[in-house]
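Participant: sequence below, structure please.
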Amino acid sequence: MMRPDPLAAALFLTAAFVLAGLAHSAWLRTALSRRLTMPLDGGARFRGRRVFGDNKTIRGFVVMVPASAAAFMLMFTVIGWWNSDALVSLWPLSVGEFAALGALAGFGFMAGELPNSFVKRQLDIAPGQAPAGAFATTVSFVADRIDSILGMLIALSCAVAVPAMTWFYVLLIGPGIHFAFSALLYRMGVKARAA
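Facilitator: Numbering: from 1, shown residues only. Just a heads-up that it's a prediction; the model follows:
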């Protein structure tokens with residue numbers, strides 16, 4: 001498959017996930033989303049500790065996967081309408097294939113947080129809390145900013161060619177945007193802490 005322009009792909013992914021993130025933030029404020037706060041791990045334990053904890057629930061997956069699909073489809077449509085030649089810089093896919101790619105990327109984004117949560121639970125770090133100590137807090141802060149981005153990039157790379165420079169650009173820009181969304185969710189009362 002043809003490789004996209006690295007910067008164009010990175011900008012596309014960033015814009016699409018900003019749109020999906022806005023939908024996700026709005027969804028988490030609804031009463032309906034609060035009904036879906038069932039933990040993904042169902043209370044299961046590993047070595048006597050919760051697998052993911054109470055903060056990893058089904059409600060994020062319920063909106064982020066379709067929101068990402070819709071954002072990819074919308075971005076494809078808007079770019080095609082604005083300048084159809086610009087689509088050559090992206091993956092040679094149909095609008096439906098872009099929607100499927102968005103759903104996969106959204107799933108990867110959400111699933112990317114799970115290994116980090118698993119490790120934190122095994123280290124007895126409570127859900128939504130920072131670990132003790134400056135070094136551990138810094139490592140946790142960085143991991144919290146890049147885990148879902150890495151999950152998204154890995155999922156995307158399973159389906160299409162993603163240039164190394166696209167990874168670089170997204171990992172350079174994405175953590176700041178991710179932090180902004182975390183701060184927004186904290187201000188909205190959805191998260192226990194901004195970081």
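Participant: contacting residues for the nearest residue to residue 93 once chain neighbours are set aside?
Facilitator: Using C-beta to C-beta, 6 or more residues apart in numbering and skipping residues adjacent in sequence, the residue nearest residue 93 is residue 101, 6.6 Å away. Every C-beta, even on glycine, is put in place using the N, C-alpha and C of the backbone. When contacts are counted by C-beta atoms under 8 Å, 6 or more residues apart in numbering, residue 101 is found next to 72, 91, 93, 156, 159, 160.
Participant: now, which of those residues sits nearest residue 4?
Facilitator: For residue 4, the closest of those turns out to be residue 91, at 5.4 Å, with distances computed as C-beta to C-beta.
Participant: separation between that closest one and residue 153?
Facilitator: Here residue 91 is placed at a distance of 14 Å from residue 153 (C-beta to C-beta, to the nearest Å).
Participant: now swap in residue 28 and tell me
Facilitator: 23 Å.
Participant: contacting residues for the residue nearest the centre of the chain?
Facilitator: Using C-alpha atoms, centre = their mean, the residue of the chain that lies closest to the mean C-alpha position is residue 109, 3.2 Å off. The neighbourhood of residue 109, defined by C-beta under 8 Å, 6+ apart, consists of 17, 20, 64, 68, 148, 149, 151, 152, 155.
Participant: got a list of contacts for the lowest-mean-pLDDT helix or strand in the chain?
Facilitator: Each helix and strand of the chain was given a mean pLDDT (mean pLDDT, DSSP states H and E); the minimum falls on helix 164-187 at a mean of 81. Taking contacts as C-beta under 8 Å, 6+ apart, the residues outside helix 164-187 that touch it are 4, 6-7, 9-11, 13-14, 17-18, 21, 24-25, 28, 142, 144-146, 148-150, 153, 191-195.
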